[in-house]
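> need a structure here:
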Amino acid sequence: MDQKIEELFQEYDRKMNELCNDSPAYDTDDLFNTYRAYRKVILAKRAGLSDEALEKDIRAFAAMTDALHVRKDAPERIYLWPEGKMPAEPESRIPPMFRMADDFRPYMYEVLVSPEVTPKGAVLCVAGGFQGRTVVNEGYGIALEFRKLGYQCFVIHNRVNALDFNTKCSLNGKENGADIARAIRYIRANADQYRIPADRVAAAGFSNGGATIENCVQYYSGTRTVKEYFPGYEPDELDAYYGAPDVYINVYGQRFPEVPFDWTGVVYPPVFEAAGRDDDTGATSNLYTLLPDLLAHNVPVEVHTFAGTPHGRTAYNLIWEKEDHPNFDLFVPLADAFMQDAYQKNERRD
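Model prediction:
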């Protein structure tokens, strides 16, 4: 490919990746169409199309990216930490590829049901990878799916879970887990505004987002506090609320068997596990080793694997006219039933 055209693609690849973190702020059709144009370029490059054809597709993708504008009725960012108050690991612990911008502050968006709908609860959606483009389907797309079923949804842009690729262990689990806990606390604190019971807040994570939620469970369930891990942190009114989710939905983000998990003091919520059987990241095989550990600790768990489905196919039915793996999003109504069952069991115990 001509170098200038490749540089043009790389420029707009980066631009769109950044825009996608704010997916709920854009017109849904415009966002999905731009994502389709991006994928068309990727598939064309893999297929070895001519430079002329590639240039045409890349320029179309660039034009659509330039045309994306925040809509007038867009929800606002909800910043999770007061400026200067965010607890953080030493930067030296985090490889450069995982570091956020120096001025980054985690935030989330609301994706709410209409006023005439009685909400069933809330779902915090945590996209995988480095976020960016994954927010389109694993954040915003899945939020739209759960909203259809009656949930107040939230799409978070948190500090990315940094992995040691040799050990598969998180290098900053306490800080990205704190972002998830902070978002959950905010939702609980505003439960009346969102018209939900404060004890019906689920978190749904995808790939690296699923691992991020488990960091929240490991470090901030039970009686664990942010200050326990970050002595210089100054608690505020949100810290009075419980920070771990009431239900954990883990989609192709299952813990690797070599990663240690400290169960001391952990109150692990009911967990819904889903993965595609053609997932090449290890999610399905990880699930088979994770399940005995969860059951040994009396964690209520439901497991679903989907034949023929590779990694990352959440909410693809919203984006593609013809989706090759339409069965995968069956996990959404199944997770809905799981959440409602868990909440009803909690009510009976109370």
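> mean confidence for stretch 186-204?
Stretch 186-204 shows a mean pLDDT of 98.
> Show residues contacting it.
For stretch 186-204, the external contacting residues (Cβ atoms under 8 Å, 6 or more residues apart in numbering) are 78, 80, 108, 112, 118-126, 142, 146, 151-152, 154, 180, 184, 213, 216, 237-238, 241-242, 245-249, 251, 335, 339, 343, 346. Placement of C-beta: from N, CA and C, glycine included.
> one more time with 6 Å, if that's ok
The contact list for stretch 186-204 (Cβ atoms under 6 Å, 6 or more residues apart in numbering) reads 119, 121-125, 152, 184, 213, 238, 241, 245-249, 339, 343.
> From start to finish, how long is that stretch in a straight line?
End-to-end distance for stretch 186-204: 16 Å, by Cα to Cα, to the nearest Å.
> do the same with stretch 71-89
From its first residue to its last, stretch 71-89 covers 35 Å (Cα to Cα).
> Show me which positions of that stretch end up buried.
75, 77-78, 80-81, 86-89 (16 or more other Cβ atoms under 10 Å).
> Tell me the helix or strand right after the worst-scoring helix or strand of the chain on mean pLDDT.
Ranked by mean pLDDT, DSSP states H and E, the weakest helix or strand in the chain is helix 316-319, scoring a mean of 85. Next along the chain after helix 316-319, taking DSSP states H and E as the criterion, comes helix 331-349.
> Any buried residues in that following helix, and which?
Buried, per 16+ other Cβ under 10 Å, within helix 331-349: 331-332, 335-336, 338-340, 342-343.
> what's the average pLDDT for stretch 220-233?
Here the average pLDDT along stretch 220-233 is 97.
> can you pull out the strands in this structure?
Along the chain, counting by DSSP state E, strands occupy 78-79, 107-111, 121-126, 151-157, 201-206, 247-251, 271-276, 301-306.
> Turn those strands into CSV, columns for distance to M16.
Formatted as CSV, the strands of the chain follow (distance: least, Cβ to Cβ, whole Å):
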stretch, distance to M16
strand 78-79, 23
strand 107-111, 18
strand 121-126, 20
strand 151-157, 15
strand 201-206, 19
strand 247-251, 23
strand 271-276, 25
strand 301-306, 28
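> R313 is nearest to which of these?
Between R313 and the strands of the chain, the shortest separation by Cβ to Cβ is 6.4 Å, and it involves strand 271-276.
> Quick one: mean pLDDT for the closest one?
On average, strand 271-276 scores 97.
> ok, now stretch 99-115?
pLDDT averaged over stretch 99-115 gives 95.
> Use 9 as the first number for this chain going forward.
That works, and once the first residue is 9, the last one we named lands at stretch 107-123.
> contact partners of it?
Residues contacting stretch 107-123 (Cβ under 6 Å, 6+ apart): 32, 83, 85-88, 127, 151, 155, 160-167, 187, 191.
> Just the buried residues out of those, in PyMOL syntax.
Applying 16+ other Cβ under 10 Å to the contacts of stretch 107-123, the buried members can be selected in PyMOL as follows:
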select buried, resi 32+83+85+86+88+127+151+155+160+161+162+163+164+165+166+167+187+191
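> who's in contact with Q352?
Q352 neighbours (Cβ under 6 Å, 6+ apart): none.
> ok, the spatially closest residue to P265 that is not a sequence neighbour - how many residues close by?
Distance criterion Cβ to Cβ, 6 or more residues apart in numbering; nearest residue to P265, sequence neighbours excluded, is T297 at 4.1 Å. Residues contacting T297 under the criterion other Cβ atoms under 10 Å number 14.
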